[in-house]
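1. got a predicted structure plus its sequence, pasted below:
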Amino acid sequence: MTQPHLTLTLGDPAGIGPEIVLKALADERLKDYCQITVIGSRSVLESTYQQLHSLTELVSPDQISIWDVPLSAKDDLKTGMGNAATGKASFAYLNTAIEQTIAGNFDGIVTSPIAKSCWQLAGHDYPGQTEVLAQATDRDQFGMLFVARSPHTGWTLRTLLATTHIPLQQVSQTLTPALMTQKLDLLIETLQENFDIKQPQIAIAGLNPHSGENGQFGTEEQDWLFSWLEQAQTTYPDVKLIGLVPPDTLWVKAGLAWFQDQSQSPIDAYLALYHDQGLIPVKLMAFDQAINTTIGLPFIRTSPDHGTAFDIAGKGIARCDSLKAAIELAAQLTGTKS
Ligand SMILES: NC(=O)C1=CN([C@@H]2O[C@H](COP(=O)(O)OP(=O)(O)OC[C@H]3O[C@@H](n4cnc5c(N)ncnc54)[C@H](O)[C@@H]3O)[C@@H](O)[C@H]2O)C=CC1
Ligand SMILES: NCC(=O)COP(=O)(O)O
């Protein structure tokens, strides 16, 4: 079987992206299952290598395939200090990767972290890389799914976020039966086609404390979420939908399955209603393992779960485990994508 050819973007050049890219690619085992071309500025990779190779194991930029997107001479680049120039650069890396993947030169995209605030400074008004990918591929139905395999038990945690980068205040009005159906449809399709789970069990969180306590602590559950769920169960008789589970206990068995024994949770995926409801349990359990994957695109896109970590950039201490997991998952899923 031919190996997938993945492109790996550098992310914000002032963040830990360049360091974790050189660290991850120092692992020779990646070559067993994929080819990788890094899209980013060669000069940034070279200076990162010069600065850090005596502190930590890095591959030399001379030994990897790089699609150079040069920085301009006047760009102000200081490690650990994202700004408009670094936002412009990370936006250009991502768009080059998308164009080249659409053109058929790569089988999938792995992205390193960008800073949304730096994109804003550069005049790119997107909440994240996910929306740029969706827009460029003309998709209006897409989702942010976090996948992590436990190094303790082998159990896999999958969490889809129904809403993502919006203020908490807007969550309730953004959630609608149509949005929930769209996300559930995509999740079921992804579990069946990409993860080969034909009859998945999916647990769905309530929105309010105790899932509303019969309307005493919030009414969205009573007003429409329970009836939406009942209807969804009728649409998918072969899928077990569990919920609305009070959000404070939804991930308790996941924790046991992650740390102790995988038989503690039969759940194949969790549907969280907003960003931090889903990502606090994911990052508590799996910060070094979790992968953010965009579902609903015409190609595979994965990313580490963490951000640019400006606070530790240039110190040689950033971990590349989540990026390596993202590369591995992209290589695996590329084979399942039609
Ligand atoms: N996939 C992406 O592109 C993501 C981008 N972001 C962006 O990153 C920027 C910073 O966000 P924060 O909330 O500070 O989250 P962050 O994930 O960058 O950092 C949170 C904490 O985790 C540590 N950390 C993160 N990655 C690490 C690694 N690989 N090894 C060791 N320690 C690590 C950091 O040092 C910091 O203490 C924001 O502008 C945000 O937009 C955040 C999450 C995902
Ligand atoms: N919190 C997840 C995150 O920020 C990922 O965003 P994206 O850039 O992958 O859209």
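-> Yes, it's here. Remember, it's a predicted structure, so these values are computed and weren't measured experimentally. Ligands and ions are numbered 1, 2, ... in the order given.

2. and Ala89, how far from ligand 1?
-> 14 Å (C-beta to the nearest ligand atom, to the nearest Å). From N, CA and C alone the C-beta is placed, and that goes for glycine too.

3. pLDDT value on that residue, please?
-> pLDDT, Ala89: 96.

4. so which bits of stretch 200-216 are buried?
-> Pro200, Ile202, Ala203, Ile204, Ala205, Gly206, Leu207, Asn208, Ser211, Gly212 (16 or more other C-beta atoms under 10 Å).

5. run a quick neighbour tally on the spatially closest residue to Pro177 that is not a sequence neighbour.
-> Once flanking residues are discounted, Pro177 sits nearest to Trp228: 4.6 Å by C-beta to C-beta, 6 or more residues apart in numbering. For Trp228, the number of neighbouring residues by other C-beta atoms under 10 Å comes to 21.

6. try Thr37
-> 16.

7. try Asp27
-> For Asp27, using other C-beta under 10 Å, the count is 13.

8. now swap in Thr153 and tell me
-> As a measure of burial, Thr153 has 17 neighbours, counting by other C-beta under 10 Å.

9. residues in contact with the residue nearest the centre of the chain?
-> In the chain, the residue lying closest to the centroid (C-alpha atoms, centre = their mean) is Asn292, at 1.4 Å. Going by C-beta atoms under 8 Å, 6 or more residues apart in numbering, Asn292 touches Met144, Leu145, Phe146, Thr302, Ser303, Pro304, Asp305, Ala326.

10. mind checking the SS state of it?
-> At Asn292, secondary structure determined by DSSP: H, G, I helix; E, B strand; the rest coil is strand.

11. apart from its neighbours in sequence, what residue is nearest it?
-> Among residues not flanking Asn292 along the chain, Ser303 sits closest, at 4.5 Å (C-beta to C-beta, 6+ apart).

12. thought that neighbour was touching Ile291?
-> Yes: taking contacts as C-beta atoms under 8 Å, Ser303 lies within contact range of Ile291: 7.1 Å.

13. about what we covered before: what's the closest of the contacts of Asn292 to Gln262?
-> Nearest to Gln262 among the contacts of Asn292: Phe146, at 17.7 Å, using C-beta to C-beta.

14. do a quick rundown of the helices in the stretch 201-338 of the chain.
-> 220, 226-235, 252-259, 275-286, 321-334 (DSSP state H, counting those that start in this stretch).

15. make CSV out of those helices and add distance to Thr153.
-> Converted to CSV, the helices of the stretch 201-338 of the chain look like this (distance: least, C-beta to C-beta, whole Å):
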stretch, distance to Thr153
helix 220, 34
helix 226-235, 29
helix 252-259, 6
helix 275-286, 11
helix 321-334, 16
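
16. just to revisit the earlier point, confidence score at the residue nearest to the centre of the chain?
-> 98.

17. now do the strands in the protein.
-> In the chain, the strands defined using DSSP state E lie at 5-9, 35-40, 65-68, 108-110, 143-149, 156-161, 201-205, 240-245, 269-272, 291-295, 300-304.

18. so Leu161 makes contact with Phe142?
-> No: contact criterion C-beta under 8 Å: Leu161 and Phe142 do not qualify, at 11.4 Å.

19. keep only the contacts of Asn292 that also lie close to ligand 1.
-> Residues of the contacts of Asn292 in contact with ligand 1 (C-beta under 6 Å from any ligand atom): Ser303.

20. closest one to His5 out of the contacts of Asn292, please.
-> Thr302 (14.7 Å).
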